[in-house]
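A.B. asks: sharing a sequence plus its predicted fold:
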Amino acid sequence: MTDFGWISLLPPILAIVLAIASRQVYLSLAAGIWLGGAVLEGWNPLAGLARAIDMTVAVLANTGSAHAILFTLVIGSLIATIEAAGGVRGFVNEIERRALVDSPRRAQLLPYVIGILIFIESNITVLVSGAIGRPLFDRFRISREKLAYIVDSTSAPICIMIPLNAWGAYVIGLLGGLGVANPFGTLLGSMPFNFYAIAAIVLTGIVIVTGWDIGPMRRAEARTREGRLLSEGASPMVDPAVIAPEPDPGVRWLARNMILPILAMVLMMPVGLYVTGGGDMREGSGSTSVLWAVLFALLVAWVLLRAQRAMRVDRLMQLALKGAGGLMPMAVVLLLALALADVAEALGTGAYVAQLVSGRLAPAVLLPLIFLVAGFTAFSTGTSWGTFAIMMPIAVPTAMTLGLPVAPFVAASLSGGIFGDHSSPISDTTIISSMASATDHVDHVRTQLPYALLAGAFATAAFAAVGAGM
């Protein structure tokens, strides 16, 4: 095998620089793949393009990768079906009917708990929590900035801690493409080290229970208590079609149309692991199991709607295709990410980085460095998934070559991606959190940033401590 040395760093570096400069993750990943193909073909750009296309297509030949990509599309179908079935609206109505909220603290705890329980996908988590919390926050004179902070902090940080959703399938697909023997087990093993996600979730709970408001958040709370919902000159990001999509006409708004499919997905996951593992869930296929789980959830949603005579089969198919199309960008990112991982493996990028840092950077420095670089990349690009795609093909092979545990390196990449995404004003989750809370986007970013930086400082110190113990 040819030793490409420092040249093996060029494809991921190109992807990082282009992503930061252009904020075009798809083109940046594609450029990295093309450059890697050109290097492998002796710096021939045309032959490199052909090699890049072949390596991208070859991703689909891997069963685990194909499962992960298909899962991403099916989860889009499930989300679209649940929305059109009135499941979200029915859930909101049930909460209001039972009068479960009678104080400002409970008003804040409700979207926090809902954000934890509804982990199906980050944006639907934000939209459901925001739709439920907004009228309650206005009633109890709690700032909409606080609501945006709560729903934002229980979206991506929660989703990355649950392997039974699109985030889990995406990471499992990346790990499988990097040659990790047990991707699902490795993802589970990384969760205790996912320090930023843990810190963000815990810190949000502390803020709710204690009322600890700092910096701009304190001023926003004082303003709201005086009866002013928005700051002077604020421009709320409200799009009713996104915040509360209209269910199909004639469909009854039933909470079970959302709850039962989600429960079906959760319960099917261990069944899939048990079956694919031959009776041992630890040996089961995570990518296969999550695909089975979401397909089963979609089937349950269809059966419910047909039993209620709410939708015809042709309408259900229309929704499924529309929803799959909505998450097509995510599927493309995953495809390109896996191809870039194959390029990095062919060039020996991870082995070179490991050789470079061996004896030079101790794990106590390397782990927090990976976290901070991932955070900067995600902040600059506004995407955590793109950051995972760029960082993990470097971090995971580095750990393998150095003979160090892979899980903390996976966690550092994931934590950094969530940190940057959570802090970035151009992140889709940050923007949708502002929309769902009907608050000014800049106000949301300003009030959330001190808490994100505090959690980021804790995560940096924690990764340094873990590295020092290796």
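C.D. replies: Thanks, I have it.

A.B. asks: now the helices for the stretch 251-400 of the chain?
C.D. replies: For the stretch 251-400 of the chain, the helices defined by DSSP state H, counting those that start in this stretch occupy 256-276, 286-307, 313-326, 328-347, 349-357, 363-381, 384-402.

A.B. asks: what does the third one rub up against?
C.D. replies: Helix 313-326 is touched from outside by 73-74, 76-81, 84, 248, 298, 302, 305-306, 311, with contacts defined as CB atoms under 8 Å, 6 or more residues apart in numbering. From N, CA and C alone the C-beta is placed, and that goes for glycine too.

A.B. asks: between helix 328-347 and that helix, find me the angle.
C.D. replies: Here helix 313-326 runs at an angle of 50 degrees relative to helix 328-347 (axes from the mean of the first three to the mean of the last three CA atoms, to 10 degrees).

A.B. asks: low-confidence stretches in the stretch 1-150 of the chain?
C.D. replies: For the stretch 1-150 of the chain, the stretches with pLDDT under 70 are 1, 20, 23, 88, 92, 96, 120-121, 123-124, 127.

A.B. asks: sorry, back to before: of all the helices of the stretch 251-400 of the chain, which one is nearest Asp443?
C.D. replies: Of all those, it is helix 363-381 that lies closest to Asp443, at 18.5 Å by CB to CB.

A.B. asks: what stretches of the stretch 301-450 of the chain score poorly on pLDDT?
C.D. replies: The model of the stretch 301-450 of the chain has pLDDT under 70 over residues 350, 354-360, 381.

A.B. asks: do that again at 50, thanks
C.D. replies: The stretch 301-450 of the chain contains no residues with pLDDT under 50.

A.B. asks: for Ala462, which of the helices of the stretch 251-400 of the chain is the nearest?
C.D. replies: The minimum distance between Ala462 and the helices of the stretch 251-400 of the chain falls on helix 363-381, with 8.6 Å, by CB to CB.

A.B. asks: which neighbouring elements make contact with that closest one?
C.D. replies: With contacts defined as 3 or more CB pairs under 8 Å, 6 or more residues apart in numbering; DSSP states H and E, helix 363-381 has these neighbours: helix 10-22, helix 384-402, helix 406-423, helix 441-468.

A.B. asks: for the first one, list the C-alpha coordinates in CSV.
C.D. replies: Read it as helix 10-22. Extracted C-alpha coordinates of helix 10-22, given in CSV (Å, rounded to 0.1, in the frame of the first residue of the first chain):
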residue,chain,number,x,y,z
LEU,A,10,-5.8,17.0,2.0
PRO,A,11,-9.2,15.6,1.2
PRO,A,12,-10.7,16.1,4.7
ILE,A,13,-8.9,19.5,5.1
LEU,A,14,-10.4,20.6,1.8
ALA,A,15,-13.8,19.5,2.9
ILE,A,16,-13.4,21.4,6.2
VAL,A,17,-12.1,24.6,4.6
LEU,A,18,-14.7,24.6,1.8
ALA,A,19,-17.5,23.9,4.3
ILE,A,20,-16.5,26.8,6.5
ALA,A,21,-15.9,29.2,3.6
SER,A,22,-19.0,28.3,1.5
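
A.B. asks: give the buried residues for the very next helix or strand once past that helix.
C.D. replies: Following helix 10-22 in sequence order, the next helix or strand is helix 25-40 (DSSP states H and E). Of all the residues in helix 25-40, those buried under the rule 16 or more other CB atoms under 10 Å are 25, 28-40.

A.B. asks: list just the nearest of those residues to Phe119.
C.D. replies: Using CB to CB, Val25 comes nearest to Phe119 of the buried residues of helix 25-40, at 23.4 Å.

A.B. asks: which residue, other than its chain neighbours, is closest to the closest one?
C.D. replies: Gly386 (3.7 Å; CB to CB, 6 or more residues apart in numbering).

A.B. asks: which residues touch the one you found?
C.D. replies: Counted by CB under 8 Å, 6+ apart, Gly386 has contacts Ala19, Val25, Ser28, Leu29, Val333, Ala337, Thr377, Ala378.

A.B. asks: against Ala331, how distant is Gly76?
C.D. replies: Separation of Gly76 from Ala331 (CB to CB, to the nearest Å): 9 Å.

A.B. asks: and what of Ile418?
C.D. replies: Per CB to CB, Ile418 is found 21 Å from Ala331.

A.B. asks: again with Ser77
C.D. replies: Distance, Ser77 to Ala331, using CB to CB: 12 Å.

A.B. asks: buried subset of the contacts of helix 313-326?
C.D. replies: 73-74, 76-81, 84, 298, 302, 305, 311.

A.B. asks: could the residues you listed go into TSV alongside distance to Ala264?
C.D. replies: Compiled in TSV, the buried ones among the contacts of helix 313-326 are given as follows (distance: CB to CB, whole Å):
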residue	distance to Ala264
Leu73	18
Val74	13
Gly76	17
Ser77	14
Leu78	10
Ile79	14
Ala80	17
Thr81	12
Ala84	18
Leu298	9
Trp302	11
Leu305	14
Met311	18
